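**Q** Just a sequence and a predicted model for now, questions to come.
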Amino acid sequence: MLLTVQDLRKTYDTADGPFEVLRGVGLELDRGETLALTGESGSGKSTLLHLIGGLDTPDSGRVVVNGADIAGMDDAGRADIRRGTVGVVFQQFNLIPSLTVADNISFQARLAGRSDADWWGSLAGRMGLTAQLGKYPEQLSGGQQQRVAIARTLAAKPQLVLADEPTGNLDEATAGVVMDLILELVAETGAGLLMVTHSIALAERMQRRLHLRAGEIT
Amino acid sequence: MIRPTLQALLSHWWRNPLQLFTLLAGLALATALWSGVQAVNAEARASYAAAATTLGEGQYDRLIEKDGQPIDVATYINLRRAGWLVSPVISGRLNGVRIIGIEPLTAPGGIGAIEMADGADVERFLAGQGQMFGSADVARILPEFDVILSQNAAPNTAVTDIGIAQQILGRVGQIDSLVIAPSQPVGQSDLGEIAPHLVLQAAQSTSDVAQLTDSFHLNLTAFGMLSFAVGIFIVNGAIGLAFEQRRPVVRTLRALGVSLRTLVWLMAAELMLFALIAGMIGVALGYGIAALLLPDVAATLRGLYGADVSGTLQLRPVWWLSGLAIAMGGTAIAAFGALWKLSRMPLLAGGQQRALAMAAGRRAQGLAVAAGVLLGVYVLLCFTATGLIAGFALLACLLIGAALALPWVLDVVLRFASSRSMSVTAQWFWADTRQQLPGLSLALMALLLAMAANIGVSTMVSSFRTTFTGFLEQRLTSELYIDTRDAAQAESFVRYAEPRVDAILPIMFTQISIANQPVDIYGTRDHTTYRENWMMLAQAEKHWDTTFAGETIIVNEQLARRAGLAIGDVVTVQGRQMPIAGIYGDYGNPIGQAIIAEPLFQTLYPNVVTDRFGLRIAPERAQDFVADLVRDTDLTSAQIINQAGIKALSLEVFERTFTVTSALNVLTLAVAGFAILMSLLTLAGMRLPQLAPAWAMGMTRRRLGKLELTRAVILAALTTLLALPLGLALAYALLSVVNVAAFGWKLPMYLFPSDYLRLGVFALLAAGAAALWPALRLARTPPAELLKVFSNER
């Protein structure tokens, strides 16, 4: 199993007191499988994604990625997992503004110590970014920036792709194109995909769907 | 992982060259000012060390008279007969050159620091036939002597046989001290039996002149430190801004798998690399500054302390290494806060504005508390501080406390202005200014420090100048001053002048020691000139009568303060007990001075030749008298100085004293102006999200540019207003605490409103000029750029 989440709990301190955002969540995802995580705002979708990606630590429970329980790891250990095993596509793109498109695409792969210029070039071509490789992110439209972010994630060939509302900032037509590309490339690399989305239409394109309500899988 | 991460971090500077320039330039300027001052200090200390080696001060113990008087030859012979391996030394000045007399046959190795270079005639030197060892400047000043050039010679110092030195200095038969050879024979007689009036002085780790000039160098160091602090404010601002701007990138890097520890280390390494580059530029600039300042410093040290410092600069490893070290240390201090914040910030909170605002709020509160504590310590020290270190601690508390309090004070003022404004534009303007304050506060702190230092130091210098000029008017009352060549010329001059002038006032003096302090003692003729013009700070009844009767002595303020002497205290002069009858102000003189009656002086120091004279003559007759004197005698016009000439000379020495301080002042102000320019330029790029809504709602870009300019000038004006009381407090501390500790006299404080007004106008012009470019850039920002703010594509 690529990903196993067991009895995951997380509480935040808020102005109104402690708020338990995840209440014993559990799920599994295998290699090559795609899973949509839906739910209303504040239901804990993004928090769950952050915990799985090692961006945050749970209060209790287990997150096992490729056989390693990342819940108990320190910052360096979780960074190692994010670098080598997991790839995250953010809603806000999170590109590095001072690097060119080409450098942004190859960035995570180089961090992970993987060098495959042909694969990067093919990704840029399929994303329609070949003409933009020398530009900086601020010179691109929102849709183009999101395509760079997806290419960056897939360039490193991660085993697990986590996508947080990857088309949330895009218009419907662009969102459709981007989604097609994600699914196509994930299938090609054999990675598992866990995508957080509000969109029922996008969720229906995944092999499995889970709904999160008030911190619990329903 | 390291390489792409470094690429991502460094690419920020590549895309923001102005920020990189600010960081490097701020650090280079700070290092330049600091290392320039240190270069001057290092050169001076090396000169003192060379002089100390010449006298063996740091190497050998020596014997001196308990009361500081010269040792007679008989005592020396007695000691040698009793088995003491001692060697006599004498020193004094001739035409400004320090003459050191040694006995070559008995002197321990190293004394004199001379070498037998080409042209040296060892036999003639040993035979006491007039050869001297010295540097090229000595050969130039003393052409009548046979000077052999020596590489190791201390600046402005000549070493010769003691017999020659005694003759040249007019102190035949006198010895200043006896140097004790390190190896002494076993069973020598006890010192107390042979010469009970002598005391043993242990070899000193620093020379007398080094100790004497410590205050001056501390002063310079304090200014260097202030300049460095102003520079570090810039660096801190640039680093803080860069870290703030890179927060989202840091978050992304961490999300992509770079550990926090790796990031912190890489960012620290990146800064250290910049510090090294800027440090090297700064050290090179510092060398240039030092080379420019050194001649004035050398003149100052010679004029004030009689210390001889080489006028040319050498590249000393200790100096440039310390320059690089301070650049890296300063960067580490400036970056510590930013790196600490980075290491504590949770990954997911990195880009949250609210978290940043809360952190900024906590920082402002912390700064206000620190400011309160420092200003409290300042008030405490005002009542308790004595001595130089405490004086500088007091200044540091005042300056740093005030700088830290500045953002809080400005915020209060802006909040008040906002509450009183009626129009919507004014309300927006004040609110926007408050929001911009955190980004500008470091530059404004730098401006506050630079302005306060300027006001404080210029008040001190101008107060000094006013006091000194008045003092010169009182002191230099003789219409003419004559400098004769030798005793014979002096005698013929006196014979010629006596029937032609109202009074001849001989200026006879020698260097002695009173209460273990170096003192110039003068023999003074009984004349109304002294009684009417010399202002006493404290006096006994009929002080002039008793002094001219040879019963009492009058001393200057410096000697009284350093030796803790008061009216009625008794001091020993050449074995004679003399009560103090008066203490006079003696501004600008670093060493002790004492006055006794002329007949008594001649009795005590019969070998001193009087070759300088003051002449009292009706001013309208002075010019004719000078013409007659040159025509009728062998005196040249160069040997005759009129009162105005000597006043000008004294004022010139005075002005040079403060050249270094003034230069550092100007440089510090320039650095502060640079800080404002750089802050405004860097902030300009981040301001669009605040300005675009105002533009969208109908405010023109031109109007927005004007408001930006107005904002900079208003903030500079507020800072200048606050700098005035701070500068005056600084002047008070300098005059009443630091000056007393450093130079030994206290000065009255005068105010110079027109100077402050001029400085204020300069500051506003500098702030306006600094704000002009960012304002123009804003006024010309393309609408498309402003529109991006709304389309979330920035």
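**A** Now that the structure is in, tell me what you want to look at.
**Q** Leaving out the residues flanking it, which one is nearest to the closest residue to chain B within chain A?
**A** With C-beta to the nearest C-beta as the measure, A:Arg83 is the residue of chain A nearest to chain B, at 2.5 Å. (C-beta placed from N, C-alpha, C; glycine too.) Leaving out its chain neighbours, the residue that sits closest to A:Arg83 by C-beta to C-beta, 6 or more residues apart in numbering or on different chains is B:Gly257, at 2.5 Å.
**Q** Can you pull the residues of chain A lying near chain B?
**A** Contacts of chain A with chain B, taken as C-beta under 8 Å from any C-beta of the partner chain, map to A:50, A:53, A:55-56, A:75-76, A:79-84, A:88, A:90, A:94-99, A:103, A:107-108, A:110-113, A:136, A:138, A:141-142, A:169.
**Q** Look up phi and psi at B:Leu776.
**A** phi -60, psi -40 (degrees, to the nearest 10).
**Q** B:Ala581 now?
**A** The phi/psi pair for B:Ala581 (degrees, to the nearest 10) reads phi -110, psi -10.
**Q** wait, it sits on B:Ala540?
**A** Yes: using C-beta atoms under 8 Å, B:Ala581 makes contact with B:Ala540 at a distance of 4.5 Å.
**Q** if we can go back for a sec, how is the residue of chain A closest to chain B assigned, secondary-structure-wise?
**A** helix (DSSP: H, G, I helix; E, B strand; the rest coil).
**Q** Measure how buried it is and give me the count.
**A** A:Arg83 sits with 21 neighbouring residues when counted by other C-beta atoms under 10 Å in any protein chain shown.
**Q** Enumerate the positions of the top helix by length along chain A that are buried.
**A** In chain A, assigned by DSSP state H, the helix with the most residues is helix A:172-189. Neighbour-count burial for helix A:172-189, counted by 16 or more other C-beta atoms under 10 Å in any protein chain shown, picks out A:174-175, A:178-179, A:181-183, A:185-186, A:189.
**Q** Over to stretch A:32-43?
**A** A:33-39, A:43.
**Q** Secondary structure and pLDDT added to these, as a markdown table?
**A** Shown next, in a markdown table, are the buried residues of stretch A:32-43 (DSSP: H, G, I helix; E, B strand; the rest coil; pLDDT from 0 to 100):
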| residue | secondary structure | pLDDT |
| --- | --- | --- |
| A:Glu33 | coil | 94 |
| A:Thr34 | strand | 94 |
| A:Leu35 | strand | 95 |
| A:Ala36 | strand | 94 |
| A:Leu37 | strand | 94 |
| A:Thr38 | strand | 92 |
| A:Gly39 | strand | 90 |
| A:Ser43 | coil | 87 |
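**Q** Let me know the closest of these to A:Ile200.
**A** Of all these, A:Ile200 sits closest to A:Thr38, with 7.3 Å by C-beta to C-beta.
**Q** wait, that closest one sits on A:Leu202?
**A** No: in this structure, A:Thr38 is not within contact of A:Leu202 by C-beta under 8 Å, at 9.1 Å.
**Q** tell me the contacts of B:Val713?
**A** Neighbour list for B:Val713: B:764, B:767-768, B:771 [criterion: C-beta atoms under 8 Å, 6 or more residues apart in numbering or on different chains].
**Q** Roughly how far does the nearest residue to B:Leu404 once chain neighbours are set aside sit from B:Ala733?
**A** Using C-beta to C-beta, 6+ apart and skipping the chain neighbours, the partner closest in space to B:Leu404 is B:Ala371 (3.7 Å). From B:Ala371 over to B:Ala733 the distance is 17 Å, taken as C-beta to C-beta, to the nearest Å.
**Q** returning to that earlier point: ChimeraX command for the buried members of the residues of chain A next to chain B?
**A** Buried residues among the residues of chain A next to chain B (16+ other C-beta under 10 Å), as a ChimeraX selection:
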select /A:50,53,55,56,79,80,81,82,83,84,88,90,94,95,96,97,98,99,103,107,108,110,111,112,136,169
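**Q** Tell me which entries of the residues of chain A next to chain B lie within strands.
**A** Of the residues of chain A next to chain B, the ones assigned to strands by DSSP state E are A:Val88.
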